[in-house]
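Engineer: Below is the sequence, then the predicted model.
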Amino acid sequence: MSEYRESYGSRPDELDKIDLSNLLVDISHGIRKLWWLVIALTVIFAAQTYFSARTFYQPHYVASATMSVRASGSSASYINAQSAKQMAEVFPYILTSGVLSDVVAEDMGLDYVPGTITATADEGTNWLTLSVSAGDAQTAYDVLQSVIENYPKVAEFVIGETELTILDETGVPEDTGREVVIRGSIRRGAIKGAALGILIMGLYILTRRTVKSRKDLKKGVNLEDFGSLPYIPEKKRRKKKFLSSVNLMNERVPQAYLEAVRKIRIRVMNEMQQKEARSLLVTSSVPGEGKTTMAVNLAIAMAKQGTEVILVDCDPRNPSVASYMNEKEKHPGLGAVLRGKVSLEQALTPVKGLDGKLRVLYGGAPDNRDARLLGTRGMKKLIDMLKEQAEVVILDTAPSELLADAPTLGKFVDCALYVIKYDHARLRQIRNGIRALDMSGVDILGYVFNQDHSGKSMGYGYSYGYRRYGGYGGYGGYGHYQSGRGKKDTSGRVQKD
């Protein structure tokens, strides 16, 4: 039984260091992953504050008039300026005393003054500005007119007789602050939404701990490194409904990729021969890591080398081997064989161009009920029958960390190969998947690092148009299983399994 480390780091004194390149990758990934959230929160908060401002906004009207103050019987500007200053200074006391308010309210025929009255004097001049603010434009103007008429009479007892000459007045005011308030509310709401989105993105980036190199894997898990598959840039072909996968039978697969699969095939076959193993389970931690691609290409590589191989699609909820084999015809699936609806010979399909060295037991139509058959005696018996008909049996299963299918089948097979994709699964998810598989008792040979970015990129790419798990939602959170459609992975590529 394989072992795995519970802590990150092979030595106690080995501290995690922040790798700038990895940090930049995480930031780039976080932006691609959550940019929509920042925009959505910005729009939502801006809209919320906009409607809130419109709903609860209280209009504010200010009517004002600027007047020159002249002391009765005096023409000296200094005296007049002092009179204006005195009128402004004593104004708060006049208001506090309630005399002016009472006079204005009586003049308007009201019980109280419906507004706020203020007075200011321009320094060094005999100008006095009276202002009235109220919730109604006409009321503000009417109060202002009453104040202009009655203020000199009230102030006469304090500073003597004065004359007010209106220089300028606003007339019936307009609410010019409404748009300013609403625009300010929208701006503040947008800033809050964007800040919250950026905060969430930052937390996601800081807590995201994915594997980005084989070095990380060697420190994080105690499994043998069986090699890596190079990253291949993809070119989308929108005009074709059925797209070619990264399949070794496709002549346009880069030579570097072919060589990488060949090395993995040699390593796997040597290990299986030494252990006298005949059946191999291929799985991963989460959807999208390339386990089906690995299983298909490993089977093809072995068949091309002359080994008799049977490839079995053991993912009843989301069978995908047919898509990766570019097989358009419908075939009886694993579930049909286990239920006795068709014989094994009827279900096994030879792959053209490989001289009968590779046969495939496809998954058939997606059926959640077939998953229950994976742990039965019938499944064990079927695997034993397949081992009698071929030198190597390869089983493609659902992700080990997500579902129990792989650990369930692990009890019936000889060994397993684990696929881990660059910058995709968190270290915790990888450990959980390996732990679940390890508990089944299967001999885990090692792992393959998929889409390794350490080498130079290939010159030709592929676009995948097949049904996939739909992230984690395709399996419905361990409860409601269903098949989804192709979905973009973290790097923007549409890929399956």
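Structural biologist: Nice, I can see it.
Engineer: Helices along the protein, start to end?
Structural biologist: Along the chain, the segments classed as helices by DSSP state H run 20-56, 77-97, 99-108, 137-159, 178-207, 214-220, 255-274, 291-304, 321-324, 334-338, 344-347, 377-389, 405-410, 427-438.
Engineer: rank the ones you listed by pLDDT, which is bottom?
Structural biologist: Mean pLDDT is lowest for helix 77-97 among the helices of the chain, at a mean of 70.
Engineer: Can you say which of the helices of the chain is nearest to D122?
Structural biologist: helix 77-97 (7.7 Å; CB to CB). Yep, even glycine has a C-beta here, placed from its N, CA and C like the rest.
Engineer: out of the helices of the chain, which comes closest to V172?
Structural biologist: By CB to CB (comparing all of those), the closest turns out to be helix 137-159, at 4.7 Å.
Engineer: So what touches the closest one?
Structural biologist: With contact meaning CB atoms under 8 Å, 6 or more residues apart in numbering, helix 137-159 is reached by 61-65, 67, 83, 86-87, 90-91, 94, 99-100, 103-104, 107-108, 113-115, 117, 119, 130-134, 161-164, 166, 169-175.
Engineer: Filter those residues down to the buried ones, PyMOL style.
Structural biologist: The PyMOL command for the buried members of the contacts of helix 137-159 (criterion: 16 or more other CB atoms under 10 Å) is given here:
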select buried, resi 61+62+63+64+65+67+83+86+87+90+91+94+99+100+103+104+107+108+113+114+115+117+119+130+131+132+133+134+162+164+169+170+173+175
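Engineer: For the closest residue to D315 other than its chain neighbours, grab phi and psi.
Structural biologist: With sequence-adjacent residues excluded and distances taken as CB to CB, 6 or more residues apart in numbering, D315 is closest to A398, at 4.8 Å. As for A398, its main-chain torsions (degrees, to the nearest 10) stand at phi -70, psi 160.
Engineer: measure A398 to S320 for me?
Structural biologist: Distance from A398 to S320, counting by CB to CB, to the nearest Å: 10 Å.
Engineer: again, but for L354
Structural biologist: Distance, L354 to S320, using CB to CB: 20 Å.
Engineer: The two: which is more packed in?
Structural biologist: Neighbours per residue, other CB atoms under 10 Å: of L354 and S320, the larger number sits with S320, 27 against 17.
Engineer: mind listing what R369 touches?
Structural biologist: By CB under 8 Å, 6+ apart, the residues touching R369 are P316, G335.
Engineer: Do you know the pLDDT at it?
Structural biologist: If you check R369, the pLDDT there is 86.
Engineer: do V113 as well
Structural biologist: pLDDT for V113: 87.
Engineer: One more: G484?
Structural biologist: For G484, the pLDDT comes out at 35.
Engineer: Y362: neighbouring residues, count only.
Structural biologist: The number of residues packed near Y362 is 24, by other CB under 10 Å.
Engineer: give me phi/psi at it?
Structural biologist: Here Y362 shows phi and psi, under degrees, to the nearest 10, equal to phi -70, psi 170.
Engineer: Next, give phi and psi for the residue lying closest to it once chain neighbours are set aside.
Structural biologist: Distances taken as CB to CB, 6+ apart place H331 nearest to Y362, at 4.5 Å, with adjacent residues excluded. Per-residue torsions, H331: phi -130, psi 150 (degrees, to the nearest 10).
Engineer: Can you give me every residue that contacts H331?
Structural biologist: Contacts for H331 (CB under 8 Å, 6+ apart) come out as A322, A347, T349, V360, Y362, G364.
Engineer: Which pair in those has the greatest spatial separation?
Structural biologist: Greatest spatial distance among the contacts of H331 (CB to CB): A322 and A347, at 12.5 Å.
Engineer: Quickly list what's touching both of the two.
Structural biologist: By CB under 8 Å, 6+ apart, A322 and A347 have these common neighbours: H331, Y362.
Engineer: from the middle of its chain, how far away would stretch 346-366 be?
Structural biologist: A distance of 39 Å separates the C-alpha centroid of stretch 346-366 from that of its chain, computed with CA atoms, centre = their mean, to the nearest Å.
Engineer: what comes up buried for it?
Structural biologist: The neighbour-count check on stretch 346-366 (16+ other CB under 10 Å) flags 347-349, 351, 354, 357-364, 366 as buried.
Engineer: Of these, just say which sits nearest to K33.
Structural biologist: P366 (27.5 Å).
Engineer: Just confirm the closest one contacts A322, I think it does.
Structural biologist: No - here P366 does not reach A322: they are 11.4 Å apart, not a contact under CB atoms under 8 Å.
Engineer: now E271: how far from L373?
Structural biologist: Separation of E271 from L373 (CB to CB) stands at 29 Å.
Engineer: do the same with R359
Structural biologist: R359 sits 21 Å away from L373, going by CB to CB.
Engineer: A105 too?
Structural biologist: Noted for A105: a distance of 90 Å to L373, by CB to CB.
Engineer: Contacts only, for M249.
Structural biologist: By CB under 8 Å, 6+ apart, M249 lies in contact with I300, N326, V351, G353, L354.
Engineer: what's the farthest-apart pair in those residues?
Structural biologist: Maximum distance among these (CB to CB): 13.3 Å, for N326 and L354.
Engineer: residues near A155, how many?
Structural biologist: Neighbour tally, A155, other CB under 10 Å: 23.
Engineer: oh sorry, the question was meant for K153
Structural biologist: Residues contacting K153 under the criterion other CB under 10 Å number 13.
Engineer: Next one: it from L100, what distance?
Structural biologist: 9 Å.
Engineer: cool, N150 as well?
Structural biologist: Relative to L100, N150 is positioned 7 Å away (CB to CB).
Engineer: Tabulate the helices of the chain in TSV, adding columns for distance to V448.
Structural biologist: Output for the helices of the chain, formatted as TSV (distance: least, CB to CB, whole Å):
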stretch	distance to V448
helix 20-56	21
helix 77-97	83
helix 99-108	87
helix 137-159	76
helix 178-207	26
helix 214-220	10
helix 255-274	6
helix 291-304	6
helix 321-324	16
helix 334-338	24
helix 344-347	28
helix 377-389	22
helix 405-410	15
helix 427-438	13
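Engineer: quick one: which of those helices is nearest S285?
Structural biologist: helix 427-438 (3.7 Å).
Engineer: so what does that closest one touch, helix or strand wise?
Structural biologist: Contact partners of helix 427-438 among helices and strands, from 3 or more CB pairs under 8 Å, 6 or more residues apart in numbering; DSSP states H and E: helix 214-220, strand 279-284, helix 405-410, strand 415-421, strand 443-452.
Engineer: Quick check: which of the ones you listed is buried the most?
Structural biologist: Highest mean neighbour count of those: strand 279-284, a mean of 29 (counted as mean count of other CB atoms under 10 Å).
Engineer: Could you export that one as CSV, CA atoms only?
Structural biologist: Taking Å, rounded to 0.1, in the frame of the first residue of the first chain, the C-alpha atoms of strand 279-284 are listed here in CSV:
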residue,chain,number,x,y,z
SER,A,279,-4.9,-4.4,-14.7
LEU,A,280,-4.2,-0.6,-14.3
LEU,A,281,-6.6,2.0,-12.9
VAL,A,282,-6.1,5.6,-14.1
THR,A,283,-7.6,8.4,-12.1
SER,A,284,-7.0,12.0,-10.8
